[in-house]
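**Student:** Build the 3D model from these lines:
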Amino acid sequence: MILVSISLLSALFIAYFRNIETENITERLRVAIQAAWDLFYYDSTRMDSLLSQTALHVPLAQPIREGNYRLLDKYLRELKASNENIDYFAITTPQGRVLSSTSDPPGSRWFLSSLLPALLEKKRPLQSFEIMPAEYLALGNPQLRKKAKVVYAGRDRSGAVAQGELEDALFNLVLCPVLDDRENVVGCLTAGILLNNDQRLPTVYTDRVPNTYLSIGVKGIRVSSNISLTYSDVPKGTVQERQLLKVTEAGRRYSGKIAMSMYNSQSIIVVDPLISHSGTVVGNMGVGAAFSSFPELKNDSLFLITFTGLVIFLFSLFLVNFTTKSITKPIYKLQDLAKSIASSGLQHKDLAWREKRAPIELQELAESMLFMAQYLTNENLLLEDKVNERTEQLVKSVSELESANKFKSQFLANMSHELRTPMNSIIGFSRLLQDRLFGELNGKQEEFLQTIIESGNRLLDLINDILDMIKLDQRIVKLLPVPVNLNKLIYDLAALLQPQIRAKDHVLEIYIEEDMPVPYWDDKNIRQVIENLLTNAIKFTPAYGRITVRAQKYNGKIKIVVADTGIGIPPEMREKVFLAFEQADSGYTKLYRGVGLGLSISKSLVELHKGVIWLEENPLGGTMACMLLPIKPF
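**Tutor:** This is a model prediction of the structure:
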């Protein structure tokens, strides 16, 4: 086991050391890639200066306006003759028509016309890496096309062998505006260096940063490269690695170790994407070095460091084992004592500590554990007696409460049934008298009959509410879920309550969201809940008030809100009003009749539908009653 641990630690040590050295080398390459970028910036700055001086001192504006192709061709030939390392020149109109070029046909549509609006706006040179498509390149100078062609072979991203010819050309371009005397842009003068098959940049870079290499890639093919590995070189025309392309094509820098399996070698690289002026990734440029270029990563150095670490580790292991052996034995004995105390269930009294050679601290700890075990045994016995006694009391109390609740429900149910029958008779006979079936009534008699009927109806509603509350309390309510037409339900209730609404000159507004899903609810119960909320809103809203009903989708559920501009409810009472026989406070009870069962019944019915109901303050004054219900709760 020790040998396995030593082997694992050694492997971890080597891996850690390699990782540190790899990070250090990668950091050096991050600095080195700046030298490569400086070469690109140098070329861009040189072309910028050349084009700016030419646009300033050569009279280009007039022949561009006149379309004098012959004179413009003469100027470009002179520029090309004095700058042979610049592969491409072109003069175009602001609209993108080619007037003269070392490659493009005169009068053709320029392949970089999309850059001209930015040039016209800024009126100063701009630099960009751009791809000249093969089909466009084929229309122009055959020599440039031949120079741009890269023959490649290797494995593509899927691992299959791929070979062919890359004819798309990657350019480092500078566009310079041509201005007339009024500082108006009349044309564009462009110069570019072809990066395909350009070994000048890699060679100059390696001269500046020895033991490293530079590579330029387009569409996963190295178009320029001086990669040198331990056993072979990786020239232009080879296929780039998949993990490198995945990162750079996303516009990010790739840095770290990479395995070149075809060449049986590993390198450490830093690669940046080449991005056009419009923000498109058109290629990549990277620097790197083979593992063999760094002595600190060679196996002999690692072996010496590993061997030294192993010697130190083994010596430390011996010291730790020797010094802890005398301490751990009494601790194991103490552990056994603790296990004995735990396994005995604190019942045995014959537990003892017999390790006399242990340090004084461990002996004191063992004696304390034995004392604690005896103390906990006694406390445990007392606690069990108290728990048993308390349990008996709770069982008795629960039984008494259940009996009392049962008697209460039976009493209320019997009383409600007994009251409802004579109450229906009172209301029925009063209506017969009111209909004058037994003779005419004077004004006073008609007034008294109306009072009897109204009071009887209120009492009958109270009795019905009590019966509903008893059914909900005893869980005997049967739900019949059916598809509910929410739009029809709300408008039917609005029509039913129109007499009460008109009596107080209220304004009722209904807003139902379009494309509402069809819920599966108990139609009768949900109708009762919404009717209760609307009735409360009408009751507690003074004359000329506003009542609003909203129905909408909310987080996969349906939310219904009944808002009023009435007297409102204090925040501390908004939970209490959902209890049976509770109202907001005594002041409201005096002004508005009711015993406080409507919201309690509504809450129970909503919870049977697995929903929630609550009250909020209306920003316009008054109260908002909100409920949130699942579309299919059953």
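
**Student:** Residue most distant from the centroid, the chain?
**Tutor:** Each residue of the chain has a distance to the centre, and by CA atoms, centre = their mean the biggest one is for Gly439: 79.0 Å.

**Student:** Tyr152 reaches Leu166, doesn't it?
**Tutor:** Yes. Between Tyr152 and Leu166 there is a contact under CB atoms under 8 Å: 5.9 Å. (Each C-beta comes from the backbone N, C-alpha and C, glycine too.)

**Student:** which residues do those two both contact?
**Tutor:** Ile221 (CB atoms under 8 Å, 6 or more residues apart in numbering).

**Student:** what's the helix or strand for Gly428?
**Tutor:** Under the criterion of DSSP states H and E, Gly428 resides in helix 360-434.

**Student:** Determine the set of other helices and strands touching that helix.
**Tutor:** Of the remaining helices and strands, those touching helix 360-434 by 3 or more CB pairs under 8 Å, 6 or more residues apart in numbering; DSSP states H and E are helix 299-343, helix 443-473.

**Student:** The helix or strand following the shortest one: partners in the sheet, and parallel or antiparallel?
**Tutor:** Pointing back at helix 443-473 there. Following helix 443-473 in sequence order, the next helix or strand is strand 481-483 (DSSP H and E). Applying DSSP bridges to the sheet, strand 481-483 is found paired with strand 520-522 (antiparallel).

**Student:** what residues does the strand it pairs with touch?
**Tutor:** If you take CB under 8 Å, 6+ apart as the criterion, strand 520-522 is touched by 479-484, 605, 608-609, 629, 631-634.

**Student:** on that earlier part again, lowest mean pLDDT across the helices and strands packed on helix 360-434, which one is that?
**Tutor:** Note on the helices and strands packed on helix 360-434: helix 299-343 shows the lowest mean pLDDT, a mean of 65.

**Student:** Tell me, please, the helix or strand in this protein that averages the lowest pLDDT.
**Tutor:** In the chain, the helix or strand scored least confidently by mean pLDDT, DSSP states H and E is helix 586-591, which has a mean of 45.

**Student:** Buried ones in the helix or strand following it, by neighbour count?
**Tutor:** The helix or strand immediately downstream of helix 586-591 is helix 598-608, counting by DSSP H and E. Buried residues in helix 598-608, counted by 16 or more other CB atoms under 10 Å: 598-606, 608.

**Student:** hmm, back to that, just the buried subset of the contacts of strand 520-522, written out for PyMOL, thanks.
**Tutor:** Provided next is the PyMOL selection string for whichever of these are buried by 16+ other CB under 10 Å:
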select buried, resi 484+605+608+609+629+633
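
**Student:** quick one: which of the contacts of strand 520-522 is nearest to Arg145?
**Tutor:** Ile631 (65.8 Å; CB to CB).

**Student:** tell me the contacts of the closest one?
**Tutor:** Ile631 makes contact with 517-520, 556-558 under the criterion CB under 8 Å, 6+ apart.

**Student:** Now, these that are in strands?
**Tutor:** In strands, judged by DSSP state E, the following of the contacts of Ile631 are found: 520, 557-558.

**Student:** How many residues are close by the residue nearest to Glu249 when sequence neighbours are not counted?
**Tutor:** What sits nearest to Glu249 in space, not counting adjacent residues and going by CB to CB, 6 or more residues apart in numbering, is Val281, at 5.6 Å. Val281: 15 surrounding residues under other CB atoms under 10 Å.

**Student:** What's the separation between Val281 and Arg252?
**Tutor:** Per CB to CB, to the nearest Å, Val281 is found 10 Å from Arg252.

**Student:** Overlap in contacts, these two.
**Tutor:** Pro273.

**Student:** Beta-bridge partners for Pro481, please?
**Tutor:** Here Pro481, judged by DSSP bridges, has bridge partners Asp522.

**Student:** That one contacts Lys610, correct?
**Tutor:** No. Applying CB under 8 Å, one finds Pro481 not in contact with Lys610, separated by 11.3 Å.

**Student:** list residues touching both of the two?
**Tutor:** Pro633.

**Student:** How many residues are close by Leu175?
**Tutor:** Burial measure for Leu175: 26 neighbouring residues, criterion other CB under 10 Å.

**Student:** List phi and psi for it.
**Tutor:** Dihedral pair for Leu175: phi -110, psi 130, per degrees, to the nearest 10.

**Student:** That one pairs with what?
**Tutor:** Here Leu175 sits in beta bridges with Leu126, Thr190, going by DSSP bridges.

**Student:** Let me see the contact set for it.
**Tutor:** So Leu175 contacts 112, 115, 119, 125-128, 188-190 (CB under 8 Å, 6+ apart).

**Student:** From Ala625, how far out is Leu605?
**Tutor:** For Leu605, the distance to Ala625 - CB to CB - is 13 Å.

**Student:** May I see the buried residues of stretch 375-382?
**Tutor:** So stretch 375-382, judged by 16+ other CB under 10 Å, has buried residues Thr377.

**Student:** per-residue confidence averaged over it?
**Tutor:** Computed over stretch 375-382, the mean pLDDT rounds to 77.

**Student:** Save the contacts of strand 520-522 as JSON lines, and put in pLDDT too.
**Tutor:** JSON lines is the format used below for those (pLDDT from 0 to 100):
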{"residue": "Leu479", "pLDDT": "83"}
{"residue": "Leu480", "pLDDT": "89"}
{"residue": "Pro481", "pLDDT": "92"}
{"residue": "Val482", "pLDDT": "94"}
{"residue": "Pro483", "pLDDT": "95"}
{"residue": "Val484", "pLDDT": "94"}
{"residue": "Leu605", "pLDDT": "89"}
{"residue": "Leu608", "pLDDT": "89"}
{"residue": "His609", "pLDDT": "91"}
{"residue": "Leu629", "pLDDT": "96"}
{"residue": "Ile631", "pLDDT": "94"}
{"residue": "Lys632", "pLDDT": "93"}
{"residue": "Pro633", "pLDDT": "91"}
{"residue": "Phe634", "pLDDT": "86"}
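
**Student:** so, if you compare the contacts of strand 520-522, which one comes nearest to Ile463?
**Tutor:** Comparing the contacts of strand 520-522 against Ile463 with CB to CB places Leu605 closest, at 18.2 Å.

**Student:** By neighbours, which of the ones in strands among the contacts of Ile631 wins?
**Tutor:** Ile558 (21 neighbours).

**Student:** who's in contact with it?
**Tutor:** Shown in contact with Ile558 (CB under 8 Å, 6+ apart): 486, 516-517, 519, 551-552, 628-631.

**Student:** Dig out what Ser267 forms beta bridges with.
**Tutor:** Ile258, Ala290.

**Student:** Low-confidence regions, the stretch 401-550 of the chain specifically.
**Tutor:** By pLDDT under 70, the weakly predicted segments of the stretch 401-550 of the chain are 404-420, 465, 467-468, 470-477.

**Student:** Could you give me the buried positions within stretch 67-78?
**Tutor:** Result for stretch 67-78 [16+ other CB under 10 Å]: buried residues 72-73, 75-76.
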